[in-house]
Structure formats: structure tokens, C-alpha cells
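A.B. asks: quick one, structure for this:
(2 chains)
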Amino acid sequence: MTVTHELHSHELPQKERMIQETAAERLERVGAAAYRIRHHALNMGEVQGQGYVGQALGAADMLATVYSDQLRFRAEDPEWEARDRFLLSTGHYAIGHYAALAEAGTIPVTELETYGSDDSRLPMSGMSTYTPGMEISGGSLGHGLPIAVGMALGLRYQGSSARIYNFLSDGELDEGSTWEAAMGAHHHQLGNLTAMVDINALQADGKTDNVLRTEPVTEKWEAFGWYTQRIDGNNIAALLAAFDNAAAQAAAVGRPSVILCDTKVGRGVPLLEEREKAHFMRIEEHEWKTCREQLTAGYEGKDAL
Amino acid sequence: MSAAAVSTGPAPKLKTSAMIASFADPGQKTASAPFGHALVKAAQENDKIVGLTADLGKYTDMHIFAQAYPERFFQMGMAEQLLFGAAAGMAETGLIPFASTYSVFAARRAYDFLCLDSAEPNLNVNIVGGLPGLTTGYGPSHQATEDMAIFRGMPNLTIVDPCDSIDIEQAVPQLAASDGPTYLRLLRGNVPTVLDEYDYTFELGKAKVLRGGNDVVFISSGLMTMRALQAAKALAAHNVDVAVVHTPTIKPFDAATVLAEINTDRLAVTLENHSVIGGLFETVASAIVTAGLGKRVVPLALPDQFLDAGALPTLHDRYGLTVQKIVAKVLAELK
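C.D. replies: Next up is the predicted model:
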């Protein structure tokens, strides 16, 4: 199979793609994408000298699963009408999303170094008006899911079978608007809507448990009527299984689905995994090289097993 | 509530009526639910138009649309953040949503969702706000006396303050046709029909001179244009000749037309169903200062305070929105 063929296969839902690969090959493909996304994020962080690198590393497996395996899109035509929508609600995760968009081929890898610079298309907080492939302007938290509800209603009304993925964080579960939308999506039976929640248990002021307790998270979503799965969000096999389950039950009229992903801030780079967790992680100038080396060593070590 | 205590006297006290009291005068010509019918008409010609509400369909005349187009109507429940977030999401898919609630909830409760989800990406989301200014006796929880002050600072947002059923009927298709978000200060139920007596059509972004006059010029918007026209007739009996300029679009403001009328020796008065802070008066005042005209303007507006609860006629009298109060104010200014 040619690379071209595989890229174009993103126009079909994952389950209809004629990709001849074993489960192991699929895991390896998505894992490699996650590895590249993490590298992109480290490079962007180094150029900036700062940034939400910890969040990007933690969410890289979720982003890789969506962009390299699940999402229906045309890399060269981000406005393609039949595309699935990926809504980044957490604007500060833009660093990870840009890395995923580069991996997907929507923005050039060479542009990533402009992250957060004046006049860049890649601002620190993600905005739809700046970046191709960025569907909404996130950042004011708790907006993604309400907008996703409207998109799902609008697309269904117009006969589209496109699916809507909303990436949100556990911190956004503090926002009342998230739960207004959770009710609305169930009431309107938006079966093509999937929420993916990055539960890194960390908020701006500290651990989620100390800021505003959100647990029990699974029971909350179930009580709101959603098809709920909770998984290790840094386990690609678990991610693929959960997204496949969500895809299998997706329908124009049906239960919305949520995939609750427990993730580790800084995942893939032991130096950062072990550092005291912070919303805005400080990384010294000399540490970036170490971060990259640790990431590569970990990935290749895993590969060798 | 000291003002309420003053009004004790032999006459029986008026009662606060239903949530939405009519401000039409007895016997006045009215049209029923002009917004709902106008939206149905616009939807017949444009299949992208959809309607949403947050549990206030019957109170914003959206129920007319819901009955005509049940498949194009979306009930979002009593969840205003969802209402306007979802309206933006619908607009992202190419639809033209009209989303209704009370003005207080749109302006105070859902501002962030209107600002970032619709205004920043400049989406064609049309906000329909009931009970603008002082159009209910339910007190500050329902009286949107500062809605324009809140909304004027939002980039990209067009603000329309219609006078009557004619304005609403003609504005709705223009709001749907215009790019970007809009805010309509809804008048609902039996809405007076006033402007058919004048050579007038609603044009988005334009102020219109409804009548000329040599002594005084009224600059007015919303239901206060109706009162301004009535006051102009009443003042004629006092040999005062009053011009009336109607400015239904508050933003973007037609400064050229208004300044041309202001820049004369006539007494200039602004009339609005809104707080004296941040509404029509300050819009006119900033245009005057920017142009360097140095012209005095008398504001006729709601005071900068939380207003009383009570019967609407009582409150309109108490806060100076009645024809009698307007006439008295102008005569005092001319002395």
C-alpha cells in the first residue's frame, strides 16, 4: 500500500477503510504517530522556551489515536464539508493539537517553530480564526461541548453523517456549561457526538482533588445518559478499543459517547513525568535535549521489546 | 422602595400584571407576534434559518416558528450557555440560527458564549432578547436596563432596537441576510404598529428622520420612538415644533445622519428604553465629541439604578418614559 493511498483513506470512517494491517501493525502505526507528536511538542516548547508541554505529552496518545486512526478528514482541505469535526475545547493544549495537525499533514512541520510567535498562525491558545484545521476557539473553558452539541444538531439536520469529537479536560468538568451540554446531547440523542476527557488530575491551582473534586466521573456521565468508557489514556491498545466501541455504536440518533482517559502529565519523558506537576511546566534550556533523548530511548526501547 | 410608598393615595394601586405586560395604549393598532411571523416568512425563503430557545419559546414568540417548522426548531432547555454555544455550533455548519431568551439572560448570563463562540469568529448568530429595558414589572431579575451597555463593547455585534411591529417585520430578514452576529431587542405579544403612518422603511445600519421640526430634535430608538412621536404631537399644542429621528440600529451607529440633525440650534434630546449609562445617549454623545461639535444633549433614559417592581404604567411614569413626562421635560428645558 502506498502512503498516498493511506492518507486518502482518512476520508472514510475507520471501520470502512480497507487498510490491510494486523492489530500489531495498527498499534505500531498509532504509536509512531504519538511519538512524532511528542517530538513536535518538545521542539515547539524549546523554541518558545516554555509552554504546555506536559499536557501535550500526556494527551499525545489520545491525539494520535484520533488523527491517525479515527478521524475522517482531508489534510489538504480542512474545510471539506463531509469531514468529522475535532473541537479542541482546552485552548492551551493547542501545542499538542498543532503537533497532531502537522502529523496529519494539515500544517507543515516546518511551521511548528513559529508556535506562540508574533504573526504566527499557531498562537499559544488555539483559535479557529488563526489555524487551518482548528474548528473552534477554545480557552475559555467549558465552551467546547455546548458548541459540539450545536454542530451535531446542525450536521444531523442537514443530513450529514459526520461525527463530532470534543476534546476536553477534567478541569472543564468544573464548568456548569459542560453539564448543560451533557444534558442537551443526551436529550437530543446526538449519537454522532463523542467527548474525550483528558483526566490528568491537574488544574491551574493544583491537583483536581484539591481544587474541586470531580469524582466519581464515570458515574456522573452515566447518570447523564452517555455511553461511558474509562481507560488508561496512555495505552494505545485501550484507546483504539474504546474509540472502536464508540464508533460501533455511533448513529445519527442515539446515545452520545464519552471516553474518559486517565493520563500522566509529561508522559514519555521520565524527567518530566517525575517533576513536580505543574499546569505551566518550567523546563530549563539544557533540559530539552535530555527530554528528547529520553523520549526516543523510551520509544525505541519499547519498540525493541 | 421609597418611591412606591409615595404613591399611596385614595386611588386603588395598580397591580403588577403578567411577566410580559403590554405597553400598547388602549385602542392602539397592534400586530400579534410580529417576530414569530416574520421568522416564519424568512424561513420560507431561506432553508438555512433555524430557531432555538432556552425554555422561553412561548414568551419570545418563537413558538410561532416552532409550530410552523417543528423540525427546524430546537429546544435547548433552561440552559443559556448551551443555547448560545450550540447556536454558534449550528452557524459553524452553515445554518442561520435565531436564538431567543430574555435579554437579561443573554447579556448577563451567556455573554462569554456569545462573545467568544459567535462574535470572535463573526458567525451569523442572531440573538433575540425579550424584555429589553423596562418592559416588565418583575424587577431587576427580568429588567434588562443595561443590555445595550453590555453588548456595545462586543466587537462584530450588530445591535437593533426596534420601535414597533413594522420595524421587527422588516428587520428579521435583514438580520438573517447580514453576516456576523446580531442582537434584537425583542418586543413581543401584541406589539404596537406605529411607523406605517410615516414614509419609513427599516434599513439595517440607518437612522431615519420620521418628521421634521424647528424647535426640538428627538433622537430615539426602540419603543421610545413611539413615545417620541406621540410627545411631538402633544408638544405641537404648546407651539413647540419637534423633529423625530429614529435610530433602530445602535451599532454600527449611523452617526452621519444623526450628527447632521444634531448640528443645529434646536434643543437635542435622546430618548431610550435603557439606562442612561452606555446606551443611545452615550452613543450619540461619543459621536458628537468625536466630531468636535460641543453640542448639549438632554438624555431621557432610565436612571442608573436597579428599578422598582410594579405595574408597567406606574413604572414608566415613575422613571419618565411616558408622553406626559417627556412633554414636561421638554417644556422645562425650553423655559
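A.B. asks: measure A:T65 to chain B for me?
C.D. replies: The gap separating A:T65 from chain B is 23 Å, by C-beta to the nearest C-beta, to the nearest Å. Every C-beta, even on glycine, is put in place using the N, C-alpha and C of the backbone.
A.B. asks: that residue touches A:A246, doesn't it?
C.D. replies: No - counting by C-beta atoms under 8 Å, A:T65 stays clear of A:A246, with 11.0 Å between them.
A.B. asks: these two: who's more crowded?
C.D. replies: A:T65 (27 against 24; other C-beta atoms under 10 Å in any protein chain shown).
A.B. asks: that one sits in which helix or strand?
C.D. replies: Using DSSP states H and E, A:T65 sits within helix A:53-65.
A.B. asks: what do you get for B:V128?
C.D. replies: Following DSSP H and E, one finds B:V128 within strand B:126-130.
A.B. asks: to the chain's geometric centre, what's the distance from that strand?
C.D. replies: Relative to the mean C-alpha coordinate of its chain, strand B:126-130 is positioned 10 Å out (C-alpha atoms, centre = their mean, to the nearest Å).
A.B. asks: contacting residues around it?
C.D. replies: B:20, B:35, B:56, B:59-60, B:62, B:84, B:96-103, B:106-107, B:114, B:144, B:147, B:175-176, B:181-186, B:188 (C-beta atoms under 8 Å, 6 or more residues apart in numbering or on different chains).
A.B. asks: from these, which land in helices?
C.D. replies: Among those, DSSP state H puts B:35, B:62, B:84, B:103, B:114, B:147, B:175-176 in helices.
A.B. asks: list just the nearest of the residues you listed to B:G205.
C.D. replies: Nearest to B:G205 out of these is B:L175 (C-beta to C-beta; 11.4 Å).
A.B. asks: pLDDT score assigned to the closest residue to B:K208 other than its chain neighbours?
C.D. replies: Leaving aside its sequence neighbours, B:K208 sits nearest to B:H246 (C-beta to C-beta, 6 or more residues apart in numbering or on different chains; 5.2 Å). We have a pLDDT of 98 for B:H246.
A.B. asks: B:H246 touches B:S221, doesn't it?
C.D. replies: Yes - between B:H246 and B:S221 there is a contact at 6.9 Å, judged by C-beta under 8 Å.
A.B. asks: re earlier: can you select the buried ones from the ones in helices among the contacts of strand B:126-130 in PyMOL?
C.D. replies: Listed next is the PyMOL selection for buried residues among the ones in helices among the contacts of strand B:126-130, using 16 or more other C-beta atoms under 10 Å in any protein chain shown:
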select buried, chain B and resi 35+62+84+103+114+147+175+176
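A.B. asks: which pair in the ones in helices among the contacts of strand B:126-130 spans the largest distance?
C.D. replies: The span of the ones in helices among the contacts of strand B:126-130, defined through C-beta to C-beta, is set by B:D147 and B:A176 at 21.2 Å.
A.B. asks: for chain A, give me the ranges with low pLDDT.
C.D. replies: In the predicted model of chain A, residues A:1-9, A:13-19, A:303-305 satisfy pLDDT under 70.
A.B. asks: near chain B, which residues of it?
C.D. replies: Proximity of chain A to chain B (C-beta under 8 Å from any C-beta of the partner chain) is limited to residues A:127-129, A:135-137, A:139-140, A:142-143, A:145-155, A:157-158, A:160, A:176-177, A:180-181, A:183-184, A:187-188.
A.B. asks: just the strands in the stretch 201-335 of chain B please.
C.D. replies: Ranges of strands in the stretch 201-335 of chain B, per DSSP state E, counting those that start in this stretch, are B:208-211, B:216-220, B:242-246, B:249-251, B:267-275, B:298-302.
A.B. asks: between the longest one and strand B:216-220, how many degrees?
C.D. replies: Relative orientation of strand B:267-275 with respect to strand B:216-220: 20 degrees, computed using axes from the mean of the first three to the mean of the last three C-alpha atoms, to 10 degrees.
A.B. asks: circling back to that earlier point, what sits against the residue nearest to B:K208?
C.D. replies: By C-beta under 8 Å, 6+ apart, the contact set of B:H246 is B:163, B:195, B:200, B:207-208, B:210, B:220-221, B:225, B:228.
A.B. asks: who does it bridge with?
C.D. replies: For B:H246, the beta-bridge partners under DSSP bridges are B:K208, B:S220.
A.B. asks: got the CA coordinates for stretch A:186-198 in PDB?
C.D. replies: In PDB, the C-alpha atoms belonging to stretch A:186-198 read as follows (Å, rounded to 0.1, in the frame of the first residue of the first chain):
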ATOM      1  CA  HIS A 186     -28.500  13.200  25.700                       C
ATOM      2  CA  HIS A 187     -31.900  14.900  25.300                       C
ATOM      3  CA  HIS A 188     -31.400  15.400  21.600                       C
ATOM      4  CA  GLN A 189     -29.800  11.900  21.200                       C
ATOM      5  CA  LEU A 190     -26.700  13.100  19.500                       C
ATOM      6  CA  GLY A 191     -25.300   9.700  18.700                       C
ATOM      7  CA  ASN A 192     -22.500  11.100  16.500                       C
ATOM      8  CA  LEU A 193     -21.000  13.100  19.300                       C
ATOM      9  CA  THR A 194     -18.100  11.700  21.200                       C
ATOM     10  CA  ALA A 195     -16.500  13.600  24.100                       C
ATOM     11  CA  MET A 196     -12.900  12.600  25.100                       C
ATOM     12  CA  VAL A 197     -11.900  13.800  28.500                       C
ATOM     13  CA  ASP A 198      -8.200  14.100  29.400                       C
END
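A.B. asks: so which bits of that stretch are buried?
C.D. replies: Buried, per 16+ other C-beta under 10 Å, within stretch A:186-198: A:186, A:188-198.
A.B. asks: ok so, going back, the helix holding A:T65 - contacts with which helices or strands?
C.D. replies: Judged by 3 or more C-beta pairs under 8 Å, 6 or more residues apart in numbering or on different chains; DSSP states H and E, the packing partners of helix A:53-65 are helix A:23-48, helix A:94-104, strand A:164-169, strand A:193-199, helix A:236-249, helix A:270-273.
A.B. asks: what's the following helix or strand after that helix?
C.D. replies: Note on helix A:53-65: by DSSP H and E, the next helix or strand toward the C-terminus is strand A:85-88.
A.B. asks: can you list contacts of that following strand?
C.D. replies: Contact partners of strand A:85-88, identified using C-beta under 8 Å, 6+ apart, comprise A:66-67, A:71, A:94, A:97, A:126, A:133-136, A:138, A:144, A:147-148, A:151, A:155, A:162-167.
A.B. asks: pull the number of nearby residues for the nearest residue to B:L204 once chain neighbours are set aside.
C.D. replies: Excluding the flanking residues, the one nearest B:L204 by C-beta to C-beta, 6+ apart is B:Q174, at 4.5 Å. For B:Q174, the count of nearby residues is 17 (other C-beta under 10 Å).
A.B. asks: and for the one 3 residues further on?
C.D. replies: Per other C-beta under 10 Å, the neighbour tally for B:A177 reads 12.
A.B. asks: from B:H246, how far out is it?
C.D. replies: Look at B:A177 and B:H246: by C-beta to C-beta, to the nearest Å, they are 21 Å apart.
A.B. asks: not counting its neighbours along the chain, what's nearest A:L212?
C.D. replies: Per C-beta to C-beta, 6+ apart, closest to A:L212 is A:D174, 4.9 Å.
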